[in-house]
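Enquirer: Just the structure for this:
(chains A, B and C)
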Amino acid sequence: MRLIPTEIETLWTLFTAPVVWVAHFLVCYIGAAVYCAKPELVGLSFSAVRAGIAAATVIALSLIALSAWLAWRQWGFGTDDPPHDNPTRRDRTLFQGFATLLLSGLSFIAVIFTAMPALFLTECIR
Amino acid sequence: MSAAMKEGSREEYRAQEERLRAVWANPAGWRYWTSVNNFQIGLWYGSAAFAFMLFAGALALLMRLQLAVPDNDFVSADFFNQAFTLHGTVMMFLFAVPIFEAVAIFLLPAMLGAREMPFPRLGAFSFWSFFLGGIFVCGSIFFNAAPSAGWFMYPPLATDKEFSGIGADIWLLGLSFIEVASIAAAVELIVGIMKCRAPGMRINLMPLFAWYLLIVAGMILFAFPPLIAGDLLFEMERMFDWPFFDVARGGDPLLWQHLFWIFGHPEVYIIFLPAIALMAMIVPTFSQRPIVGYSWIVLAAVGTGFLSFGLWVHHMFATGLPQISLAFFSAASEAVAIPTGVQIFVFIATMLAGRVILSTPMLFGAGGLAIFVIGGLTGVMVALAPFDWQAHDTYFVVAHLHYVLIGGMLFPVVAGLYYYYPLIDAKKLSDRLGGLAFWLMFCGFNIAFFPMHLSGLRGMPRRVFTYPAEIGWNWLNLISTAGAFIFAAGVLVVVFDVLRPKHREPRGEFNPWNAGTLEWISEPEENWGVRSIPIVRSRYPLWDQKDLARKVNEGRYYLPDAEEGWREGLVTSVLDAEPIHVLRVGGTSHVTIVSALSLGGAFIALTFHWWIATALAAIICFCAVVYWLWTGTGEIPEKPEKDVGLGLSLPLYASGPDSVGWWAMFITMVGDGTAFASLVFGYFFYWTIHADFTAGIAGPDAIWSLVAATLFAAAWGLMVAARTVNRRGATAIMRGLLVLSLLTTVAASAAGLAAPSSPGMDPTRHVYPAIVWTLVIWVLAHAALGTVMQTYCLARSLAGRLTPKHDMDLSNVVLYWHFLLVTAVITFATIGLFPAAM
Amino acid sequence: MGQYFSLSAASLLLASGSAGAQSVASTQSVLEPAGAEAQQIAILFWVMLSGGALIWLGVVGLLLHSALFNRRRLAEKSASRIIFWGGVVFPSVTLSALLAYALWLMPGLRPFAQASAAGLRIEVTGRQFWWEVVYRPAQGPPVASANEVRLPVGERVELTLKSADVIHSFWIPPLGGKMDMIPGRTNRLSLMATKAGIFRGPCAEYCGTSHALMAFSAVAIEPEAFRSWLAAQAIPAEGAGASGGALFLRHGCGSCHFVAGTDARGLIGPDLSHLGSRVTVGAGILPNTEDAVARFIARPELIKPGSRMPAFDMLPPDDIRAIAAWLKGLQ
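Expert: Residues are numbered from 1 along each chain as shown, chains lettered A, B, ... in the order given. Predicted structure coming up:
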């Protein structure tokens, strides 16, 4: 993890996990929609689509876990409790870390939710 | 300050105050309306939005009268249909979204300790656009010409001239115009929140209202453009017969539904989040403690913002899409309930950890939450596709959405009105009237809307102008109508409380609720926002920083003076709010009204196909905007730096990412890129629904497409080179490169035009040529705008307003070209290569 | 038998209509299911309703407690715990269970593995503001009708849904969920009635001026009765009083309407071959009486604004009455 420096000074890291959710959601939705519209193009069975969704889910969850770990590190591994409201750079960083960690948690749950349809639906019925 | 100054400091203080007051003063007489001050704009915006709300509410009462008894003929079917279409449209586009823009423009500068929004004239432009567009759309019903196809305007009912008249055009053009205003407001809000906070207001200290609005403005950037793209396709079909939604020629009505709801569902949260943001300001004040779970609120706002884009198909559960697609959207729709739950529990936790003062704002807030929770729970129900197959398009959904929007938006907004009214008038609204209004509204609302759950489950569809007596809806509807009038009475009490003359009452106290946030420093009598720009060290500076208010008002902080006669504010860094430079913003001007009204004129004339008037208005608008930019932006200051007080000296000019203009361009182009992406989505959508989406029509010429893409890339390279050499001082070479790039752009556009026209693609024949032409026209229009920008830079350079050190214009135009390059390459790669690859 | 049933059904509807609202309140209700799909969804609803009511009471109780009775300032840490358990853990667990339940229901609610699995296919096409209906039984010729859908109880029926103009939506609340009818697309819906009865099906997607007046009757009857009814519908009916039939043709009604066994071969308006046997006229909005038919012929736009049918009130009243009587007789 030394590859990713501890001090990333940007607001954008906050959005990492939700962006992974977006990507996962789009891959699942577009993949399934294109498959159901043009099955002959892909030429695979629906179980391949489900396997694809499973793979995308594993990748997305790993990325979110990574984002969560980085956030945890930025949060100082939880050594300080919120509210992180001191007017210092340190508290600002801790706040960023904590908020990013929370968002990673939400995104993790949301990715699992998004993947659940593939467990129950086994064909392109309308 | 030297010791000698100290003796004269009292006079010096008065002189400073006078200069500052003069600079920020509103113009007198009729010129008052040319003001661009955020307090004025916010107030006008808010009042206009409220007036539109009352109008739409009156339409709702007429509808409720019609539905009071079965087989009623109080109004005609056609009037009823116009009424519900306008009711939805006005509440959504002319009340719910604008009211939050109004509140934000009014409150944000004061809350962030800034003097003004970063682009006050843009704010004024946004208001005038909104106002004119709103009058135009609402007025149509008095000429029996209002849109009548529902606020969602589904084709073919709304596109086919056989089924709908000019009302559809009024809806499309009037609202496109208002959407432009919303995007302008979003740009202003994002830049304002990211770059214009008071020094020291790090992102962990930002008021929660600002956090919410930052997210909401971001959502607008991704939500409104798909609708604008949809409007474009829609109006091309109505005006020029391009068959985007005509099934006979390969079109599909479902594309509109996708584009509309990609906008439409985030829209709900765009409405809901700012109202909850008001709650996040009110709850801590009346719990007498800082909010518990600040980071949780950030999680909730950001999480909702993202998840809300994965919900749109839940409005299309009955359209026959594959079940797996529906299921993804069911899943995301369930997931979005989690951040919403977090928000509610943050308020409960804060109240539990504090000591609650029961006040009128809290009454409305808590009542709103009780209502909203019902709406949220029914939302969880209808988000499940199987239940929605039954509930969709019934009164159950009518009940659900009103529980969400009135509980989650209207009640908090009224709470906000009671809370913030002292900032408008220095007096409180009446607690007695407030209590009366609350109980009338709360009871009336539940009496009106709770029975609708049941009428919906008993099978009553939405948007019916009448119903037969035998089905068992009679009592339910009669009760709903009675409730609606009780609710309306409550709203009228609020209106009366606001409008009743209060000049006999004494001026209220300073910070009457003992709130902790900065906006309570500002005095309604003064226009400058803050007397001096403070250094912030807390989330609740008025609670934690002793004497802050006094010191601010004594001008002890930054920029207490306006020596050079400019309206000035500070630009600070995104994360830690360290001062970067001084921002001089535009003051009172006619140009905003002229450009808004001429743009409005162009849209209105277009509705009636008055081509010459359209062209004239467009030309006036163009000239006004160029004049506005030329005289009001990128001014080279008389000196490089100025002393802002407290021993700090800051530059007066910034270019690139340090400047607010660069951010405005970046944000605008993100929105623009989203609209473009929506058109590309349309292209591939048609590919998925047809076995052969080209319908055997010869596609764009691949060679010309590649030539166009290459030339656009070359023009972009020349622009980047021009910026680089200009910074090195080679002005003449820069001008040469600009001209060269302009010529290359023209050549690129010609090649781009040749791509679809050389095989003779006719856009009215089939949807394939139509969507190809739309993409090409999109690029060409952007290229044309690009050449205008190049010419502008050239002119600025020749006029000495663009120099090696002062290159803001050029740097912003290069940023535009980055986006143009991506747009052009994607377009020509798609239209030129994709059909062959398939 | 079939004709007998439809008559008794019509009289039942009329009788209850005059008797008061309660007796037929169930005809369009989601909460009184008479079909397999609607049954499952109703159970889902009751589960969600009871859970939702408990949650609402809990949240509002907590809200009231914190606003009115809380005199003990909770420590920040315990308050944060409330956010975590109440705002994150509880909803996540409840919602994933609910989502799993709904997803598990989905494939079973709209099952069509194979098109041929259903014995009977009914094609319904939405038009402003009425329904064109064609029965395609596994054996035998197709049977055309309008504004009424009959289904055999206990058998799965596949509906093929189309639109000829704008978007409509097909919905029989007591039988199951709705499905849109979209121009250029063919949607399918599978329903199985479990109880006999007459239900009202409204158009559930706003489709223009008289959207409120676009409905149909769904009549679920025993399979045997259904088959004999269908057989009877395949044969041209005899109208009462030949003069009405002649007037019908002379005044040009046949250029828009189809009546089997006559020269009326128009395809623009509803098929009237067996109008007399239907529960309602005017697409689910009027009782099927001679008087109602006559009123519709004279001034359709009074009854249904935006209707495409021209007014025929310039005809002598006697002619209109004769035509109405003849149509009513087309059992």
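Enquirer: Tally up the residues packed near the closest residue to chain C within the stretch 101-250 of chain B, please.
Expert: Nearest to chain C in the stretch 101-250 of chain B, going by Cβ to the nearest Cβ, is B:Val247, at a distance of 2.9 Å. Just so you know, the C-beta spots here come from the backbone N, C-alpha and C atoms, and that holds for glycine as well. B:Val247: 17 surrounding residues under other Cβ atoms under 10 Å in any protein chain shown.
Enquirer: Give me the neighbour count for B:Leu606.
Expert: 22.
Enquirer: Contacts only, for it.
Expert: B:173, B:614 (Cβ atoms under 8 Å, 6 or more residues apart in numbering or on different chains).
Enquirer: and if you look at C:Leu95?
Expert: Per Cβ under 8 Å, 6+ apart, neighbours of C:Leu95: A:113, B:334-335, B:337-338, B:380.
Enquirer: Highest neighbour count among those?
Expert: B:Ala335 leads those on contacts (other Cβ under 10 Å) with 29 neighbours.
Enquirer: what mean pLDDT does the helix or strand that contains B:Ser649 have?
Expert: Taking DSSP states H and E as the criterion, B:Ser649 maps to strand B:648-651. Averaging pLDDT along strand B:648-651 yields 93.
Enquirer: That one packs against which elements?
Expert: With contacts defined as 3 or more Cβ pairs under 8 Å, 6 or more residues apart in numbering or on different chains; DSSP states H and E, strand B:648-651 has these neighbours: strand B:579-585, strand B:641-645.
Enquirer: tell me which residues in the last one are buried?
Expert: Right, strand B:641-645. For strand B:641-645, the neighbour count (16 or more other Cβ atoms under 10 Å in any protein chain shown) marks B:642, B:644-645 as buried.
Enquirer: Off-centre distance for that strand?
Expert: Centroid displacement of strand B:641-645 relative to its chain, using Cα atoms, centre = their mean, to the nearest Å, is 34 Å.
Enquirer: And stretch B:591-598, by the same measure?
Expert: 19 Å.
Enquirer: can you check stretch B:262-280 too?
Expert: Taking mean C-alpha positions (Cα atoms, centre = their mean), stretch B:262-280 and its chain are 11 Å apart.
Enquirer: what about that stretch and chain C, touching?
Expert: No. Stretch B:262-280 stays clear of chain C (Cβ under 8 Å from any Cβ of the partner chain), getting no nearer than 12.0 Å.
Enquirer: For that stretch, which residues meet the burial criterion?
Expert: For stretch B:262-280, by 16+ other Cβ under 10 Å, it's B:262-280.
Enquirer: Tell me the pLDDT of the residue in the stretch 351-500 of chain B that chain C sits nearest to.
Expert: At 2.3 Å from chain C, B:Trp389 is the closest residue in the stretch 351-500 of chain B, using Cβ to the nearest Cβ. Confidence at B:Trp389, expressed as pLDDT, is 96.
Enquirer: give me the number of residues near it?
Expert: Neighbours of B:Trp389 using other Cβ under 10 Å come to 24.
Enquirer: quick one: contacts for the residue nearest to it when sequence neighbours are not counted?
Expert: Leaving aside its chain neighbours, B:Trp389 sits nearest to C:Gly177 (2.3 Å; criterion: Cβ to Cβ, 6 or more residues apart in numbering or on different chains). Applying Cβ under 8 Å, 6+ apart, we find C:Gly177 in contact with B:318, B:386, B:388-390, B:392, C:37-38, C:41, C:109-110, C:171.
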